[in-house]
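Visitor: model the following, please.
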Amino acid sequence: MKKLQTACLLLLAALGTLSAAAQTYMGYTDGNRDAGYAFGNSREQGLCIRIPAGKAAYLKGTKITGLRTVFRTLQINSLDLFITKNLTAEDLYVQDMGKSSNLWTDYALDTPFEIDGEEFYIGYIVQASNTMARPLAFDGSTDVGHEAFWVIEDGVWKDASEAGMGAANIQMILKGAPTVADLVMKRLNASGVYKTGNAYSFKGQVFNFGTDTIHSLEFTLQVGEAEPVTFTRRVQLDPNHTYDFTSPAYRLQGEGRQNVTITVRPGDEGVEDADESDNTASYEIGVLGGDIKKKVLVEGFSTQGCGNCPDGHDALEMALAKSPEDFIQIFHHSAFGLDRFSMVDDYMFLWFFADAGSYAPATMFNRTKIFDGGQSPLFVPTYEDCITAVNQMLAKDAPLTIDLENDFNPETGTGTVTVHIETFADPSARQHYLTVSLTQDSIYGYQADYTNGNQRNYAHNAVYRSSFTNYMGDPIDLVPGETVTYTYPYLIEEAITSTYGNETYGSRVVPTDPRNMHIVAFVHDYESGQATACTVYNAETIPVYVDVTGMREVNTRPATAPRVYDLQGRRVQQAQKGLYIVNGRKLYIR
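Guide: Residues are numbered from 1 along each chain as shown. Below you'll find the predicted structure:
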């Protein structure tokens, strides 16, 4: 009897093993579960994967026995599985699957569906319990591309395979699937600034859609019309897994728009890819013949009552003295109380300090966080801090150029500024913005100074006066290889009345002087609630008005109390013969 029981158990185990082996999961996901998503404003949400003809051909005769998927919420009232040849036509198969789950779950078909070798779609439609639910789940990997999966948005099916979410978390459950090699080259993202003659490596991701493990990958890389190059990688790439690769350095030739094209094939001896329709991905880049004209936006926070601010101004000017033409300054009079120059926008810019509390002197470079763990503004920046920031900013290539044209009538105070933006590479996946602001130099007035004593005739430069756009910029669309143009009419009145004017330091009615005013334009990101996600990519400035002599009255700090530093940023009381920084300018003392 024991022998019979043992034999039965062994037979059951063997059958179980055979059944498991005969069941195959096939889809585009690597199995990870990223954030939940919903599209449009409807409770109806749908997600499906497309099985193109090349894949359906080698799966012909294979039976779909179920669907494996996962959801990011339990706020789902109904779940219907479907199979169709056309997303706008009648379904070939529909089944109510009952309850959903936020764990990976196998949903069995009541009747297995046999693949006939033609392209088809398989997925589900859910009714969420409310419009705030985010039921659809993706793996967060590199985008698949190739129109691999689709979503419903307000009742219409749309390709979402390049929407930045990775792959749809859907897999077919198959019985009798063949052993095949089938690689997918996912969408390339070669965004960046490229220069002819320089060598670059390109990165990408390969997915194993097939049922066979791949041990070698053979890549072909071509840029433009240049000769293609090949490279191989030894791998252990199992089904439903991805492989991240980096190409060897490739030296670019020529100029202009060029396609980076990478193709992948199995490198195992005797192994062919069963569906080559998705083995290639391309990305258009712009190749430049020289450097892009780039300027760094430097935004200071300073007020007349800030006694440490003059030293902060000096530290900044010394750091910029090496190449002042590469930097554009704007000073916001806020962060240490307010003064007679403070505008409401200056107060709003305290948002960049996030929850760290505002302080002055502080400086932002391209609205970028320079040191880990902090906010974008540097608090009481030393000369060394400013040099670190300057070096970081100058080392980055700009993905676009800005050119300005200004037509100003000094008789009426009216003008028009035209902004031309030529994009070479998409700066980021975020929404881009253009800000156009107005600054004024040489506004004399009081300044607290803990080092040299309070000053009554201090030259306040680059003082923020207003913006022709929204103070946080206007949204713009940038397309690599294209130039966009924006025009802004403006009026400069005889005086600007500051919003908050602390009249302890003088009247808040501040006279204007177009000869000492600049228009500043810059392109940047803006992410509500993320003060460190507002990177500036390039900036440009142009004078409001240049008189007939071509001279402008731009003054540095008053000469009554000169600040003298050596080239290492150390304060010098008695200067000897040599090169020094005096009031922010390089001077040779004999």
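Visitor: centre-most residue in this protein?
Guide: Geometric centre of the chain, nearest residue: residue 428, 2.7 Å, by CA atoms, centre = their mean.
Visitor: which residues touch that residue?
Guide: Contacts for residue 428 (CB atoms under 8 Å, 6 or more residues apart in numbering) come out as 525, 535. In short, each C-beta sits where N, CA and C put it, glycine included.
Visitor: for it, give me phi and psi.
Guide: Backbone torsions of residue 428, given as degrees, to the nearest 10, read phi -170, psi 180.
Visitor: give me the local confidence score for it.
Guide: On pLDDT, residue 428 comes in at 85.
Visitor: that one and residue 400, how far apart?
Guide: 12 Å (CB to CB, to the nearest Å).
Visitor: which parts of the chain are helices?
Guide: 2-22, 53-58, 309-320, 344-348, 383-394 (DSSP state H).
Visitor: any regions of the stretch 451-590 of the chain where pLDDT drops low?
Guide: 501-502, 548-590 (pLDDT under 70).
Visitor: just the strands in it please.
Guide: Here the stretch 451-590 of the chain has its strands, by DSSP state E, counting those that start in this stretch, at 455-460, 463-467, 474-476, 483-491, 495-497, 509-511, 517-525, 536-543, 564-565, 578-582, 585-589.
Visitor: report the contact partners of the closest residue to residue 42 other than its chain neighbours.
Guide: Nearest residue to residue 42, sequence neighbours excluded (CB to CB, 6 or more residues apart in numbering): residue 154, at 5.6 Å. Neighbour list for residue 154: 39-42 [criterion: CB under 8 Å, 6+ apart].
Visitor: and what of residue 48?
Guide: Counted by CB under 8 Å, 6+ apart, residue 48 has contacts 82, 87, 121-124, 149-150, 157, 168, 170.
Visitor: show me what counts as buried in stretch 154-169.
Guide: 157, 160-161, 165-169 (16 or more other CB atoms under 10 Å).
Visitor: and stretch 496-515, by the same measure?
Guide: 496, 498, 500-502, 505-506, 508, 510, 512-515.
Visitor: that one spans what distance, first to last residue?
Guide: 15 Å (CA to CA, to the nearest Å).
Visitor: and if you look at stretch 198-212?
Guide: Using CA to CA, the end-to-end distance of stretch 198-212 comes to 39 Å.
Visitor: make CSV from the strands of the stretch 451-590 of the chain and add distance to residue 325 to it.
Guide: Shown next, in CSV, are these (distance: least, CB to CB, whole Å):
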stretch, distance to residue 325
strand 455-460, 20
strand 463-467, 20
strand 474-476, 26
strand 483-491, 23
strand 495-497, 27
strand 509-511, 27
strand 517-525, 14
strand 536-543, 10
strand 564-565, 21
strand 578-582, 17
strand 585-589, 13
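Visitor: tell me which of those is the most buried.
Guide: Using mean count of other CB atoms under 10 Å, the stretch among the strands of the stretch 451-590 of the chain with the greatest mean number of neighbours is strand 517-525 (a mean of 23).
Visitor: that strand versus strand 536-543: what angle between them?
Guide: Angle, strand 517-525 to strand 536-543, by axes from the mean of the first three to the mean of the last three CA atoms, to 10 degrees: 170 degrees.
Visitor: by contact count, what packs against strand 517-525?
Guide: strand 327-332, strand 400-409, strand 414-423, strand 432-440, strand 536-543 (3 or more CB pairs under 8 Å, 6 or more residues apart in numbering; DSSP states H and E).
Visitor: please name whichever of these is nearest to residue 370.
Guide: strand 536-543 (13.1 Å; CB to CB).
Visitor: per-domain residue ranges of the protein.
Guide: What automatic domain parsing lists as the domains of the chain is 21-175, 183-288, 296-562.
Visitor: where among these is average confidence lowest?
Guide: domain 296-562 (a mean of 89).
Visitor: how far does that one sit from its chain's centre?
Guide: 23 Å (CA atoms, centre = their mean, to the nearest Å).
Visitor: repeat that for stretch 252-266.
Guide: 23 Å.
Visitor: hey, where'd the strands end up in the stretch 51-200 of the chain?
Guide: For the stretch 51-200 of the chain, the strands defined by DSSP E, counting those that start in this stretch occupy 63-69, 76-84, 93-96, 105-114, 120-128, 136-137, 149-153, 156-159, 170-175, 183-185, 194-195, 199-200.
Visitor: what would those look like in a markdown table with distance to residue 439?
Guide: What follows is these, written out as a markdown table (distance: least, CB to CB, whole Å):
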| stretch | distance to residue 439 |
| --- | --- |
| strand 63-69 | 55 |
| strand 76-84 | 54 |
| strand 93-96 | 64 |
| strand 105-114 | 60 |
| strand 120-128 | 50 |
| strand 136-137 | 47 |
| strand 149-153 | 43 |
| strand 156-159 | 44 |
| strand 170-175 | 54 |
| strand 183-185 | 49 |
| strand 194-195 | 32 |
| strand 199-200 | 38 |
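Visitor: now for these, which one comes closest to residue 492?
Guide: Per CB to CB, nearest to residue 492 of the strands of the stretch 51-200 of the chain: strand 194-195, 39.8 Å.
Visitor: what's the closest residue to residue 51 other than its chain neighbours in contact with, if anything?
Guide: Spatially, and ignoring its direct neighbours in sequence, residue 51 is nearest to residue 120 (5.4 Å; CB to CB, 6+ apart). Residue 120 sits next to 50-51, 56, 83-85, 92 when contact means CB under 8 Å, 6+ apart.
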